[in-house]
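please work out how this folds:
(one chain, ligands or ions: 1)
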Amino acid sequence: MAAVGIDAMEIWTGKLVLDLPNTFAPVKDEAPAKYTKGLGLTGSSLPDVYEDIVTMGANACKRLMERKGLTPNDIGRIDVATESSFDRSKPASTYIAGCLEQVFDGDFSHTNKGERKFACLSGTQAIDDACNWIRAGRHRGRGALVVVTDTALYERDDPGEATQGAGAVAIYITETPSVVALSREQGIGSKDETDFLKPNQQFPSVDGKRSIGVYLDRVREALHDYESVAGRIHKADVAFLPFHTPFPGMVRKAALMTYRHLIDGTDEANALRELVGEAPDADAFDDAEAYKKARYDHQKAIRKTPLYREWYEATVQPTLSLSRRTGNWYTGSVHIARASALLEAAQHDVDIAGQRMLVGSYGSGAQAEMHTETVCPGWHAEIDALTIVEQLDARYDLSFDEYERVHQAHTYDVEVAVEPFTTPNNEFVFSGYGAMGERQYAYVSA
Ligand code: HMG
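Residues are numbered from 1 along each chain as shown. Predicted coordinates for the structure are as follows:
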């Protein structure tokens, strides 16, 4: 069967930005470098008061459908992946379809709709479901819309507040993909974990430091599982490494682990050993802290080698340019990383058609998924159509006081009237509650 994969995507950012080094850090009495260098972030996108997961998702879908000339009849599935759902029964995809029916001729009466949940991983799972639906021949020539959309807010003063974000990516899956074709092979690393969860609550309970180790463990397992079906994968096989990016510093850690695996058993591994010595052996240490320090120093030494730096600059750095500015979009983060790599390649006019990316998705709770994607010949035109850089440039820059009010406006159990900071312009907006408590939406023309 022909390749199945991503034919088009559109990205919609929340229209506000919290500047982390310049606005957030001073109030927290922290060094700006903790954000720019440590976490690798300059800002977090946040939703204006009339935005939510439905408006951001619907706005991304509308733009995608218009650009691709699609009508509701062309779309056989709409799956929303989110961990910011406000309705425990009615899926966000029905709200989004309702929005789209306000502006497109026809309706989604014969479109299968649902909502997927597994923390940040579920967008990748929804893409997998869509690909399998097409491979099974149940799509009747239609494509599938996967909408990853989240408002990633933490409780005020939680350490996670440094890694917030909000935005949506609409991803169109077909049997004639223009952007990337997905490998059939996939690897899974999965374990019942209690590191980040929202048991009947809006904001996450999170053990931030532990969540970092859990992420690395699951990604390592998924990589091994991927290789058990697809065979060994080497450094030369991978043009880009788009990984789930809660903050770029997390990917810096995952990339080092992945690099060491990709070069394992090769001349490059020997060359690296010559430069930085063997990795410290835990059994040789009586003291856990001393071992941790030796491991940290060894990793730092690898990061400084030209071998590693060259690989990182070419393979990982390009995946982070958007997320530095957006913060964590939960389900959207890995899809932002893919878009970022392709945007960087397009900007530098590098033709990457036929090259492969190793895509690592992750969701707390916890599960990682690994697969590869082959870039399709039509990728450049699709990526040139994205407007995300202009959208990020146009965000309203919040003062700290304004940020506090926006956070309150999006907190379910706080009732506060906050005026919008931006003016809606040809887009869907949240317009209030209906008689049954349903959220309602309107399309606002300029
Ligand atoms: P924190 O306590 O705010 O920050 O927690 P920190 O003190 O650990 O500093 C962060 C980094 O900045 C460190 O780098 C510091 O050294 C460095 P590292 O040592 O780790 O490489 N740093 C500096 N660097 C330069 N100059 C300075 C400076 N100061 C410090 N002056 C934490 C950070 C991420 C834990 C917190 O923000 C948090 O809890 N975030 C939420 C949880 C999270 O994002 N976890 C990531 C893995 S789990 C995941 O990805 C899933 C998730 O997306 C949810 C889902 O799946 O649904 C979260």
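
state which helix of the chain is the longest.
helix 208-230 (DSSP state H).

residues of the protein that sit close to the ligand?
Residues of the chain lying close to the ligand (C-beta under 6 Å from any ligand atom) are 31, 33-34, 37-39, 83, 119-120, 159-160, 162-163, 196, 206, 208-209, 211-212, 215, 244, 246, 249-250, 328, 330, 362-364. (C-beta placed from N, C-alpha, C; glycine too.)

so how far is residue 196 from the residue in the stretch 101-250 of the chain that the ligand sits nearest to?
Residue nearest to the ligand within the stretch 101-250 of the chain (C-beta to the nearest ligand atom): residue 208, separated by 2.1 Å. Distance of residue 208 to residue 196, computed by C-beta to C-beta, to the nearest Å: 8 Å.

give me the more crowded residue out of the two.
residue 196 (23 against 16; other C-beta atoms under 10 Å).

sorry, back to before: check contacts around the residue of the stretch 101-250 of the chain closest to the ligand.
159-160 (C-beta atoms under 8 Å, 6 or more residues apart in numbering).

now do the one 3 residues further on
When contacts are counted by C-beta under 8 Å, 6+ apart, residue 211 touches 195-196, 364.

inside strands: which ones of the residues you listed?
residue 196 (DSSP state E).

turn the contacts of residue 211 into TSV, including distance to residue 153.
Shown next, in TSV, are these (distance: C-beta to C-beta, whole Å):
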residue	distance to residue 153
195	18
196	14
364	15
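
drop anything exposed from the residues of the chain next to the ligand.
34, 39, 83, 119-120, 160, 162-163, 196, 206, 208, 211-212, 215, 244, 246, 249-250, 328, 330, 362-364 (16 or more other C-beta atoms under 10 Å).

helices - which of these land there?
Per DSSP H, the subset of these in helices is 208, 211-212, 215, 249-250.

of these, just say which sits nearest to residue 353.
residue 250 (29.5 Å; C-beta to C-beta).

am I right that that closest one is in contact with residue 213?
No: with contact defined as C-beta atoms under 8 Å, residue 250 does not reach residue 213; the gap is 11.0 Å.

helix/strand/coil for the closest residue to residue 305 other than its chain neighbours?
Excluding the flanking residues, the one nearest residue 305 by C-beta to C-beta, 6 or more residues apart in numbering is residue 275, at 5.2 Å. Secondary structure, DSSP: H, G, I helix; E, B strand; the rest coil: residue 275 is helix.

for the residue of the stretch 251-400 of the chain found nearest the ligand, which non-adjacent residue is spatially closest?
With C-beta to the nearest ligand atom, the shortest gap between the stretch 251-400 of the chain and the ligand falls at residue 364, namely 3.6 Å. Excluding the flanking residues, the one nearest residue 364 by C-beta to C-beta, 6+ apart is residue 196, at 3.5 Å.

and if you look at residue 56?
residue 168 (3.8 Å).

just grab the bridge partners of that neighbour for me.
residue 12, residue 149 (DSSP bridges).

doesn't residue 57 make contact with it?
Yes: assessed by C-beta under 8 Å, residue 168 is found in contact with residue 57 at 4.4 Å.

intersection of neighbour lists for the two?
Residues within reach of residue 168 and of residue 57 at once, by C-beta under 8 Å, 6+ apart, are 12, 147, 149.

now those residues in TSV, with distance to residue 376, neighbour count and pLDDT?
TSV is the format used below for these (distance: C-beta to C-beta, whole Å; neighbours: other C-beta atoms under 10 Å; pLDDT from 0 to 100):
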residue	distance to residue 376	neighbour count	pLDDT
12	23	29	98
147	21	31	99
149	25	33	98
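
residue ranges with poor pLDDT in the stretch 1-150 of the chain?
1 (pLDDT under 70).

with adjacent residues omitted, what lies nearest to the residue nearest the centre of the chain?
Geometric centre of the chain, nearest residue: residue 333, 1.1 Å, by C-alpha atoms, centre = their mean. Closest residue to residue 333 apart from its sequence neighbours, by C-beta to C-beta, 6+ apart: residue 245 at 4.7 Å.
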